[in-house]
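Visitor: Got a sequence here, can you model it:
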Amino acid sequence: MASVGSEYDAQAYWKEQDFQTSARLHLQHWIWNYQLGYQVHPLVDIGGTRPLKIADVACGNGAWLLEVQRKWPRHEYHGFDLTSSHFPGQPWLPQNTNFSVWDLFTDIPAHMEEAFDIVHIRAIASAVRNNEVQTIVQKLLGLLKPGGYLQWDEQDSSTLQGRIVSKSTDAKSSMKSLVAVQKALHAGHGMLWDWLQDLPSTLEQANCEIMVNDVFNPSPELSRAWADNLLTVCMGVIDRMPERDIPLPEASDLPESISRKSYAKLVQEAAVESTKGSWMGMNQVVIVAKKLS
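Guide: Below is the predicted model of the structure:
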C-alpha cells in the first residue's frame, strides 16, 4: 500500500491562502469566542494599568489580536505569521497594532527575544509532525519575558467526529466517511495527538507553571458553524489531493481508496448532508502557562 502521507501535504493548505480561507478564519474565531466566552483567559493578568506587549503567533488575519486590542487598547500588539496574505492593511490599523512575517520554525529575531508579556497561539496542530512539538514550545517561550503568560488554544483532531441526524445504525453517511478519510490522511502524514495530551507536562518541564488546562466539547447548537468551517477546510484540500487513487486502510466508514475526484465528490455529498443537520466537530483545548523566572 502506498503511504498516504507521501501523497498529501496538510501544511500546503496553510501556505497558499486566499480570501475564502480568511473568511473561514473569521468564522473559526467566532466559534472559539462562542465556546470559550473569552479571548484572554481571566487568569491572565492583562487588565492592569501597566502597558504590556502582546504577541499573536500564527495570527492569520488577526481576528483574535484585533478583538483583544479593542478591549484593552493601552497595550502594544504584534501579529506574526509565515505569510502576510491575510494581514489587514496597515494604514487602517490602530497605531499600537502591527503585523509582521515570521515563521516560528526560524530563529527568533534579537529584538523579539523575551520581549512579550503575553503570547497567544491558536490551531497550530497541522505544523506538528510525529509529536515533535519541542521546537514550537521553545520558540514560544523564547518570546516571553520571565513571568509572562502563554495561552495556547488548540483543536484536538483526535476527537473529530461526524454527527448525523439519522438514528439508524447502518445509515451510510458521507459526513462520517469524510471524517474517516481526514483522519487517515492525517495519520499517514504523521499528524499524531499524544503531544497535545502531554503539552502541560512538556511546558512544566520547560520551566512553566500550568494555570489552565481546559477542554471544551463542541456545542451542538454550533453544528452548522462547525460544518461550514471544516467543510471549507476540506474544499481547500481538494486541489492538493493526487489525481490517482490512494489505497486507504480497512476501517469503518472508510472507502477502499481516495483520489482528487472521489474526495471532491465526498466533500460535496457531505455538504449536502450538512443542510439536513449532519456536521463534524472536535474538542477545543485551552492551556495557559506562566513562564517562571
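Visitor: low pLDDT regions in the stretch 51-200 of the chain?
Guide: For the stretch 51-200 of the chain, applying pLDDT under 70 flags the ranges 167-171.
Visitor: What segments of it are helices?
Guide: Using DSSP state H, counting those that start in this stretch, the helices found in the stretch 51-200 of the chain span residues 63-71, 134-143, 174-188, 194-197, 199-205.
Visitor: any idea how far the residue nearest to Ala251 when sequence neighbours are not counted is from Ala271?
Guide: Nearest residue to Ala251 in three dimensions, chain neighbours excluded: Ala180, at 6.4 Å (C-beta to C-beta, 6 or more residues apart in numbering). Where C-beta positions appear, they are placed from N, C-alpha and C, glycine not excepted. From Ala180 across to Ala271, the span is 17 Å (C-beta to C-beta, to the nearest Å).
Visitor: any idea how far the nearest residue to Glu132 once chain neighbours are set aside is from Val133?
Guide: Computed as C-beta to C-beta, 6+ apart, the closest residue to Glu132 that is not its neighbour in sequence is Trp195, at 7.6 Å. Noted for Trp195: a distance of 4 Å to Val133, by C-beta to C-beta.
Visitor: what do you get for Gly236?
Guide: The gap separating Gly236 from Val133 is 24 Å, by C-beta to C-beta.
Visitor: cool, Thr202 as well?
Guide: For Thr202, the distance to Val133 equals 7 Å [C-beta to C-beta].
Visitor: Equivalent analysis for Leu27, please.
Guide: Leu27 is 26 Å from Val133, where distance means C-beta to C-beta.
Visitor: now Pro51
Guide: Relative to Val133, Pro51 is positioned 31 Å away (C-beta to C-beta).
Visitor: Which one's more surrounded, these two?
Guide: Val133 (20 against 11; other C-beta atoms under 10 Å).
Visitor: Could you find the closest non-adjacent residue to Thr135?
Guide: Nearest residue to Thr135 in three dimensions, chain neighbours excluded: Phe105, at 6.4 Å (C-beta to C-beta, 6+ apart).
Visitor: give me the number of residues near that neighbour?
Guide: Neighbour count of Phe105, defined by other C-beta under 10 Å: 10.
Visitor: wouldn't it be in contact with Gln138 here?
Guide: No. With contact defined as C-beta atoms under 8 Å, Phe105 does not reach Gln138; the gap is 10.7 Å.
Visitor: shared neighbours of these two, anything?
Guide: Between them, Phe105 and Gln138 share no contacting residue under C-beta atoms under 8 Å, 6 or more residues apart in numbering.
Visitor: Would you reformat the helices of the stretch 51-200 of the chain as TSV and include mean neighbour count and distance to Arg224?
Guide: Shown next, in TSV, are those (neighbours: other C-beta atoms under 10 Å; distance: least, C-beta to C-beta, whole Å):
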stretch	mean neighbour count	distance to Arg224
helix 63-71	19	19
helix 134-143	18	32
helix 174-188	21	13
helix 194-197	16	26
helix 199-205	16	30
